[in-house]
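Asks: After the sequence you'll find the predicted model.
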Amino acid sequence: MKRILLITALCVLAHNNFIMPASSVIAGKVSTPANSTELQTIIANTPNVVIDFSATWCEPCKRMEPILHKLAEEFTNITFIKVDVYTFDNVSAIHNVRSMPTFVFFKNGKKVGDITGAQTPKEFKSLLTKYF
C-alpha cells in the first residue's frame with residue numbers, strides 16, 4: 001500500500017512539473033538546457049559551470065563556438081552551457097547580460113565571475129583555471 005501511495009505521489013509531482021526531466025548535460029560537450037528551470041537546476045547542482053550567453057546573429061559568438069567545444073572536451077570537470085539570449089530572455093536579464101557573448105562562471109551554485117566579448121583560447125583557459 002505504501003508503495004502505491006509513493007508511486008501515486010511521484011506521478012502527481014511529475015505531472016505538476018515539480019520533478020525535472022533528466023538533464024541534457026553531457027560531460028565534454030557544450031549543452032543547451034530545455035528551459036530556464038533546468039538551467040537553474042544545473043547551476044545549483046553542478047560544481048563548475050560556464051554559461052555562454054549568445055545570439056545566433058552575433059559574429060563574436062560564432063567565433064567562440066568552436067573554442068568552447070574544444071575547451072569542453074579538454075575540461076570535463078566543467079559544465080559548459082550555451083544560452084540563446086532571445087530564448088532565455090528572463091535569464092539574460094537576471095544575469096545582467098547587456099552584450100554578447102557574455103560568459104558567466106559559477107562554482108558550487110555561486111557566481112564567481114563573468115566576462116564579455118570574444119576571447120582567445122589561451123585567454124579563456126586562464127579564466128577557467130582562475131575560477132575553477
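Replies: Alright, I've got the coordinates.
Asks: From here on, just use CA atoms for contacts and neighbour counts.
Replies: Noted.
Asks: first vs last residue of stretch 25-41, how far apart are they?
Replies: With C-alpha to C-alpha, to the nearest Å as the measure, stretch 25-41 spans 11 Å from end to end.
Asks: May I see the buried residues of the lengthiest helix in the chain?
Replies: Longest helix in the chain, counting residues (DSSP state H): helix 59-74. Neighbour counts over helix 59-74 (16 or more other C-alpha atoms under 10 Å) mark 61, 64-65, 67-68, 71-72 as buried.
Asks: mean confidence score for it?
Replies: Average pLDDT, helix 59-74: 97.
Asks: quick revisit: which of the buried residues of helix 59-74 sits closest to Ile51?
Replies: Minimum distance to Ile51 across the buried residues of helix 59-74 is 10.4 Å, recorded for Leu68 (C-alpha to C-alpha).
Asks: Make sure that closest one is actually in contact with Val30.
Replies: Yes. Under the criterion of C-alpha atoms under 8 Å, Leu68 makes contact with Val30 at 7.2 Å.
Asks: which residues do these two both contact?
Replies: Phe80 (C-alpha atoms under 8 Å, 6 or more residues apart in numbering).
Asks: Can you give the contact residues for the longest helix of the chain?
Replies: Here helix 59-74 makes contact (C-alpha under 8 Å, 6+ apart) with 27-30, 54-56, 78-80, 100-101, 117-121, 125.
Asks: So which of these sit within helices?
Replies: 121, 125.
Asks: Which of the contacts of helix 59-74 fall in strands?
Replies: Among the contacts of helix 59-74, the residues falling in strands (DSSP state E) are 30, 54, 79-80.
Asks: Max pairwise distance over those residues: which two?
Replies: Ser54 and Thr79 (16.4 Å).
Asks: burial of Asp89, as a residue count?
Replies: 13 (other C-alpha atoms under 10 Å).
Asks: how much space between it and Phe53?
Replies: Applying C-alpha to C-alpha, the value for Asp89 to Phe53 is 10 Å.
Asks: where does the chain have low pLDDT?
Replies: When residues are selected by pLDDT under 70, those of the chain lie in 1-24.
Asks: Nice, that's everything, thank you.
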